[in-house]
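Trainee: Structure, please.
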Amino acid sequence: MRRLRPVLGAAAAVLATLACTTPVTPAAAEAPYDVLVFSKTAGFRHDSIPAGIQAIRDLGAANNFTVTATENATQFTAANLPRYETVVFLNTTGDVLDPTQQTAFEAYIGAGGGFVGVHSAADTEYDWPFYGNLVGAWFASHPAIQQATLKVEDRAHAATAHLGPTWTRTDEWYDYRTNARSTAHVLAALDESSYSGGSMGADHPHAWCKTYAGGRAFYTGGGHTQTSYSEEAFRAHLLGGIRYAAGRTKADCRPETG
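Mentor: Residues are numbered from 1 along each chain as shown. A predicted model of the protein is given here:
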């Protein structure tokens, strides 16, 4: 038995060394948290919604957050919303919340809650100014689905840190009614010379983050297609946005005012 002690001691030393050198994953380093995924539609309905929900569930399982998916707007109450560190509007469209539910969501953001808008979250609640300011810009139009190149402007943010200076992928590329740059920090912008039909010109924000009314917001124009949610780079983009909105990672999202 005495001969086992040096072996056990050596094994313990190896384990201690591994513990000091093995990278800690975000899931291991962060306290668990909760995310509400809301995908109610009152207009066009994307067939990619189920794929999006499953992708976020997969991300949650791998990164220490639980996901509640709903299309029931009655979840938007003063009692229920504080259970979640962030709320994801996943391809919502049209008027999805009544005035009482809107008030509850405004209070949630005001208390430091998080918001993630995906794709047609910008095609939602046009008559609710608070929401328009939170999402950053409303949808105007889009050309046909096609490949385009994004210019990555901030590679420090969790949503874009995994990307290079450019990001080429296929999706439905939104034009917006206003340019979000004056009120948000742009993370990536579309290069309109790389595809046909863009109408915003040389400065075409596509993904951004901001603080608003006490809370944190992240928006990405990607996510129209079902295949978006099987792309590792896009899934990492979503995860970074969720982690920022949930307060699990820090970022300078002050607007670019020059």
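Trainee: And the helices in this structure?
Mentor: Remark: helices assigned in the chain by DSSP state H are 4-21, 26-29, 49-63, 99-110, 129-135, 232-245.
Trainee: Lowest mean pLDDT across these, which one is that?
Mentor: Per-stretch mean pLDDT for those is lowest at helix 4-21 (a mean of 39).
Trainee: Please enumerate the strands of the stretch 151-258 of the chain.
Mentor: For the stretch 151-258 of the chain, applying DSSP state E, counting those that start in this stretch gives strands covering 166-171, 175-176, 185-191, 205-212, 215-220.
Trainee: Just name the most buried of these.
Mentor: Sort these by mean neighbour count, taking mean count of other Cβ atoms under 10 Å, and strand 215-220 sits at the top with a mean of 27. Using the backbone N, CA and C atoms, a C-beta is placed for each residue, glycine as well.
Trainee: Could you tell me which strands sit next to it in the sheet, and their orientation?
Mentor: Paired strands of strand 215-220, with direction, are strand 114-118 (parallel), strand 205-212 (antiparallel) (DSSP bridges).
Trainee: What average pLDDT does that strand get?
Mentor: Rounded mean pLDDT across strand 215-220 is 98.
Trainee: Which per-residue confidence value corresponds to the nearest residue to Phe44 once chain neighbours are set aside?
Mentor: Excluding its sequence neighbours, the residue lying closest to Phe44 (Cβ to Cβ, 6 or more residues apart in numbering) is Thr93, at 5.2 Å. pLDDT recorded at Thr93 is 98.
Trainee: how long is stretch 107-122 from one end to the other?
Mentor: In stretch 107-122, first residue to last residue: 20 Å (Cα to Cα, to the nearest Å).
Trainee: residues contacting Tyr244?
Mentor: Residues counted as contacts of Tyr244 (Cβ atoms under 8 Å, 6 or more residues apart in numbering) are Gly114, His157, Ala158, Ala159, Cys209, Arg216, Phe218, Ala251, Cys253.
Trainee: Ala251 reaches Ala156, doesn't it?
Mentor: Yes. Assessed by Cβ atoms under 8 Å, Ala251 is found in contact with Ala156 at 7.2 Å.
Trainee: coming back round to it: tell me which residues touch the residue nearest to Phe44, please.
Mentor: So Thr93 contacts Thr41, Ala42, Gly43, Phe44, Arg45, Ser120, Asp123, Thr124 (Cβ under 8 Å, 6+ apart).
Trainee: how far away is it from Gly117?
Mentor: Separation of Thr93 from Gly117 (Cβ to Cβ, to the nearest Å): 12 Å.
Trainee: Over to Ala107?
Mentor: 19 Å.
Trainee: Neighbour count: those two, which is higher?
Mentor: Ranked by neighbour count (other Cβ atoms under 10 Å), Ala107 and Gly117 place Gly117 first, with 29 against 16.
Trainee: That one bridge partners, please.
Mentor: Beta-bridge partners, per DSSP bridges, of Gly117: Phe89, Tyr219.
Trainee: Specify the beta-bridge partners of Thr170.
Mentor: Here Thr170, judged by DSSP bridges, has bridge partners Gln147.
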